[in-house]
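> I'd like to go over a predicted model; first the sequence, then the structure.
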Amino acid sequence: MTLLTAIFAAVVCTVIWYKSESARELKVGILCWMFWGASAMWLVDAIFEYAELHAEYFAPAAEDMLNDLFLGLSVVALALVIWIVVLLVKDPKGVVKSALSKRKA
Amino acid sequence: MACFLVPAAEAVVATIATKAIEKKEAAALTAPASEKSLEMPEKLPFSRKLKWLTNLLWGGSILLAFEHVWHGEVVPWFPFLTAAGDPADAAEMLREMGTVGVSMALLITAVWLVMLGVSKAVEKRPEMPQPDPSVK
């Protein structure tokens, strides 16, 4: 479930990055890298787990699935927070800078 | 248990390599014109391509580290990895790092190599002719 959540997040972010010039300006690419990197790593994890559990891997307990979904959503939230922090620090549109200079004036 | 440490270690090495190559490329750009080749190819510098690898490795490692914190395998106090406290668990952790962790690093590197191949093919592709704005 965590792998699925990360893959869906990666695909959505990549489509947004590809389609929108302003999304690229807002550094949505950071999210793409994070989600694709994590997806690839969790895929390896899933392959090793499948080698151990075989068909049982595809029939997880409802409680495990819910916990994994909760983890997946938390991972998405963490990635979004990292993206926002990078965006505000890099400030590609100069919004933070102008807000701070207005306050000083 | 701590499989994300292998790609994280690769990320550190790749980041250092990226910084070194960036410096070299910057030095090559500021070199006198006679030292440069006359025909500058229109392609991405290698440091930029290496950054794709570091981005994938860092991004994945950070999110996986969070997963390990979630499962209580990484803690904010010494020795930081719960498995490191017990010799049997430590051996299992090292075995997992050697199998799952190394496979993760290899897959990410393989994906990056595919990306390099695709970018090379795209760079070789002739540019699409721009449509004439006067023709409607």
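All right, it came through fine.
> tell me which parts of chain A are close to chain B?
A:2, A:6, A:30, A:33-45, A:47-48, A:71, A:74-75, A:78-79, A:82 (Cβ under 8 Å from any Cβ of the partner chain). No exception for glycine: its C-beta is placed from N, CA and C like everyone else's.
> let's see it at 7 Å
Residues of chain A lying close to chain B by Cβ under 7 Å from any Cβ of the partner chain are A:2, A:33-34, A:36-38, A:40-41, A:44-45, A:48, A:71, A:75, A:78-79.
> Which secondary structure element is home to the residue in chain A that chain B sits nearest to?
Closest contact between chain A and chain B, by Cβ to the nearest Cβ, is at residue A:37 (2.8 Å). Assigned by DSSP states H and E, residue A:37 falls within helix A:29-53.
> Show me the contact partners of that helix.
With contacts defined as Cβ atoms under 7 Å, 6 or more residues apart in numbering or on different chains, helix A:29-53 is touched by A:2-3, A:6-7, A:9-10, A:13-14, A:17, A:57, A:75, A:79, A:82-83, A:86, B:4, B:7, B:55-57, B:59-60, B:62-64, B:99-100, B:103-104, B:107-108, B:111.
> Counting only helices, which of those residues make the cut?
A:2-3, A:6-7, A:9-10, A:13-14, A:17, A:75, A:79, A:82-83, A:86, B:7, B:55-57, B:59-60, B:62-64, B:103-104, B:107-108, B:111 (DSSP state H).
> Buried among the contacts of helix A:29-53? Need that as a selection in ChimeraX.
The buried residues among those can be selected in ChimeraX (16 or more other Cβ atoms under 10 Å in any protein chain shown) with this line:
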select /A:2,3,6,7,9,10,13,14,17,75,79,82,83 /B:4,7,55,56,57,59,60,62,63,64,100,103,104,107,108,111
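> What sits closest to the residue of chain B found nearest chain A if chain neighbours are left out?
Sorted by distance to chain A under Cβ to the nearest Cβ, the residues of chain B start with residue B:60, at 2.8 Å. Among residues not flanking residue B:60 along the chain, residue A:37 sits closest, at 2.8 Å (Cβ to Cβ, 6 or more residues apart in numbering or on different chains).
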